[in-house]
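Chemist: Below is the sequence, then the predicted model.
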Amino acid sequence: MTEYPQRDVFFVSNSVDELGGVTSWSHQMARLFTERGHRVHVIGITPAEVVQRLGEVPYPMTTLYDGQPPRPGRARAASMREQAARLTALFRTARPGAVVIVTQVWAMEWVKQADTTGLTVIGMSHESFAYCKKTSRFQRVLRHYKGVDRMLSLTREDADLWIGQGMNNASFMPNPLPFMPEVPSPRTENVVVSVGRLHDQKGIDMLLDTWAEAAPRHPGWRLRIYGSGEDEEILKKQCTALGLDDVVEWRGSTSDVPGALRGGSVFVLSSRGEGFPLAVMEAMATGLPCAAFDCAPGVREIIRDGEDGLLAALGNTGELARRLDALMSDKELRDRMGEAARVNIQRYRTGEIVRHWEELFAFLER
């Protein structure tokens, strides 16, 4: 096995402890790199509005602003120069061969103003090309990532689409498996589990419409939703209007995702857009078959349709209801797909992904 040099690795994100998958990914990778002997520093631009509980971390964290930066204008420009100088000072502490990984394009606006001479700079997009293209982030990715050493998406399919936009530095890196529990779900509870923010992107409104169609055919089954967010009140009103209050459980955020998943027999993903969804990986590692909207290349790369889960066309709630119906109706199918999911997802085990990162660092240093 090739031994790679130990490096200084900076992760720069919008916030160091923001609730969401990018933060979870950043700290998982930071821990993995630390365990491999790399010296890691996690940097955020602003404090998070909704905080993710992190516990003790074995590396330093820095947040540049005490609050939100000034509105665009002279004050904003002056504050950006000041905070970019702080970034420059942090980067200058690094040993030769250091790497800066910018996980979100907004954070890159500060990194671009800092002095990164002698550093390898990698910019990341943690969402699919198609979803990004619908947002203001798309033009910023094209503008701010074009000159970095590597722009990373999460799948080869998305990387090819970015290359088609003239991003010749584009490549891809899948997410690592967040955990591999020793004890999988027994799949004995009549529960379908959803885990995600209560936000438009996650499509919980479409999930409720789906459940309104599927639930009447399966008395005794419940939909258990884990997550919090700005859409909570309107979603609960929708749930009541659909007559689902007796068959939907709102569990809020959880710090025990493996435990939440072990309590279910099927996992459902109803997102409008994703990158390489950690929740699906976690569910499969726990032995749950997944029914999901085919909303991103990452989803259809993780889930092998008909083998370890079932996919439905994005936004087709009737089709997603039929996929759930198939899994809820047939324990043998649930068990077969759940066991296949637990085996297949191990291709993303952490050792493999870290090795790919170290290979990339070495390649970009040449």
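Modeler: Sure thing, it's come through.
Chemist: Give me the mean pLDDT for the longest helix seen in the chain.
Modeler: Using DSSP state H to define each element, the chain has its longest helix at helix 74-91. Averaging pLDDT along helix 74-91 gives 97.
Chemist: pull the CA atoms of the next helix or strand after it into CSV?
Modeler: As assigned by DSSP states H and E, the chain's next helix or strand after helix 74-91 is strand 99-102. Provided in CSV are the C-alpha atoms of strand 99-102 (Å, rounded to 0.1, in the frame of the first residue of the first chain):
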residue,chain,number,x,y,z
VAL,A,99,-4.3,21.8,0.6
VAL,A,100,-7.3,24.1,0.9
ILE,A,101,-10.6,22.3,0.3
VAL,A,102,-13.5,24.8,-0.1
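Chemist: Quick check: next helix or strand after strand 99-102?
Modeler: Counting by DSSP H and E, what follows strand 99-102 is helix 105-111.
Chemist: send the alpha carbons of stretch 186-200 over as PDB?
Modeler: The C-alpha coordinates for stretch 186-200 follow below in PDB (Å, rounded to 0.1, in the frame of the first residue of the first chain):
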ATOM      1  CA  PRO A 186     -34.200  -6.200  12.000                       C
ATOM      2  CA  ARG A 187     -36.800  -4.700   9.600                       C
ATOM      3  CA  THR A 188     -39.600  -5.900  11.900                       C
ATOM      4  CA  GLU A 189     -41.300  -2.500  12.600                       C
ATOM      5  CA  ASN A 190     -44.100  -1.300  10.300                       C
ATOM      6  CA  VAL A 191     -42.300   2.000   9.900                       C
ATOM      7  CA  VAL A 192     -41.100   4.000   6.900                       C
ATOM      8  CA  VAL A 193     -38.300   6.400   7.900                       C
ATOM      9  CA  SER A 194     -37.300   9.800   6.400                       C
ATOM     10  CA  VAL A 195     -34.300  11.800   7.700                       C
ATOM     11  CA  GLY A 196     -33.700  15.300   6.400                       C
ATOM     12  CA  ARG A 197     -34.200  19.000   6.900                       C
ATOM     13  CA  LEU A 198     -37.800  20.300   6.700                       C
ATOM     14  CA  HIS A 199     -36.900  22.400   3.700                       C
ATOM     15  CA  ASP A 200     -38.200  22.700   0.200                       C
END
